[in-house]
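Undergrad: Here is a sequence with its predicted model. Questions after.
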Amino acid sequence: MTITCQRPPENNGSDTARHIDDNIAAGCIGSEQLKFDMEDHAVCEKKQLLPIIWKQIVESDASRVLKRQLSESKNPGEWVEAGQIDINLDGNLDYVVVAVAPPLAGPSVTPFWVFLAGPSGYECVLSTTALSLEFSSRPSNGFRNIKASWVSGNEYTNSTFHFEKGKYRLKNSETRKIE
């Protein structure tokens, strides 16, 4: 199910409440989206993926098999969704790209890429695999922290990334048993 942020239905019944609840769950209420989730492909406002960003994804993360599939595919852009967020509050919108379909997306985790807008274009500052990415509402050292979460077997993992030396780097990771 894809959740998009839009005006609630015209009637004031339960559809409106459900629509608002879905948008809150997707992180879509407020001035910008802070949570990107694989299960709902929750990109509130889908943005056109810039060719330069797609090229960086393919060159940095794609295997030979994926590159072959790319050359055979008529529309590989359907494999990802892109949203925007200002990760360092500089007024420039940065990109979060979420893989949403095979061959990129898996059954329980998917690749995420975060691209920072800079004077010479966009630079990939985080590439990770998770179920969801959540950005802090306030920056730390000028950049929002990122929490990546996923489930594997009977364990739930949260990893926190901080921006250091031009990239997001793993700060800590905690795994707990699901009971």
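TA: Ah, there it is.
Undergrad: Leu104 - that's part of a strand, no?
TA: No - using DSSP: H, G, I helix; E, B strand; the rest coil, the assignment for Leu104 is coil, not a strand.
Undergrad: Return the residues in contact with it.
TA: 66, 79-80, 110-111 (Cβ atoms under 8 Å, 6 or more residues apart in numbering). Where you see a C-beta, it was placed from the backbone N, CA and C, and this is true even at glycine.
Undergrad: Turn those into CSV, including neighbour count.
TA: As requested, these are arranged in CSV below (neighbours: other Cβ atoms under 10 Å):
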residue, neighbour count
Leu66, 17
Trp79, 21
Val80, 23
Thr110, 23
Pro111, 19
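Undergrad: What is the nearest of those to Val97?
TA: Closest approach between these and Val97, by Cβ to Cβ: Val80, at 5.3 Å.
Undergrad: Wait, that closest one touches Ala99, no?
TA: Yes - checked against Cβ atoms under 8 Å, the pair Val80 and Ala99 is within contact range at 5.4 Å.
Undergrad: what sits in contact with each of these two?
TA: Contacts common to Val80 and Ala99, judged by Cβ under 8 Å, 6+ apart, are absent.
Undergrad: Now do the helices in this protein.
TA: 14-25, 51-61, 64-72 (DSSP state H).
Undergrad: Lowest-confidence one in the contacts of Leu104?
TA: The lowest pLDDT within these belongs to Leu66, with 65.
Undergrad: Now do the end-to-end distance for stretch 142-162.
TA: 10 Å (Cα to Cα, to the nearest Å).
Undergrad: returning to that earlier point: dump the contacts of Leu104 into TSV; add distance to Ser127 as well.
TA: Below are the contacts of Leu104 laid out as TSV (distance: Cβ to Cβ, whole Å):
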residue	distance to Ser127
Leu66	14
Trp79	15
Val80	13
Thr110	12
Pro111	7
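Undergrad: farthest-separated two in those?
TA: Pairwise across the contacts of Leu104, and taking Cβ to Cβ, the largest span is found between Leu66 and Thr110, at 13.7 Å.
Undergrad: Poorly predicted segments of the protein, please.
TA: 1-31, 39-49, 61-77 (pLDDT under 70).
Undergrad: Gln33 is in contact with Ser132, correct?
TA: No - contact between Ser132 and Gln33 fails when scored by Cβ under 8 Å: they sit 11.8 Å apart.
Undergrad: Quickly list what's touching both of the two.
TA: With Cβ under 8 Å, 6+ apart, Ser132 and Gln33 have no common neighbours.
Undergrad: neighbours of Leu116, just the number please.
TA: 21 (other Cβ atoms under 10 Å).
Undergrad: cool, the one 3 residues further on as well?
TA: Neighbour count for Pro119, taken as other Cβ under 10 Å: 5.
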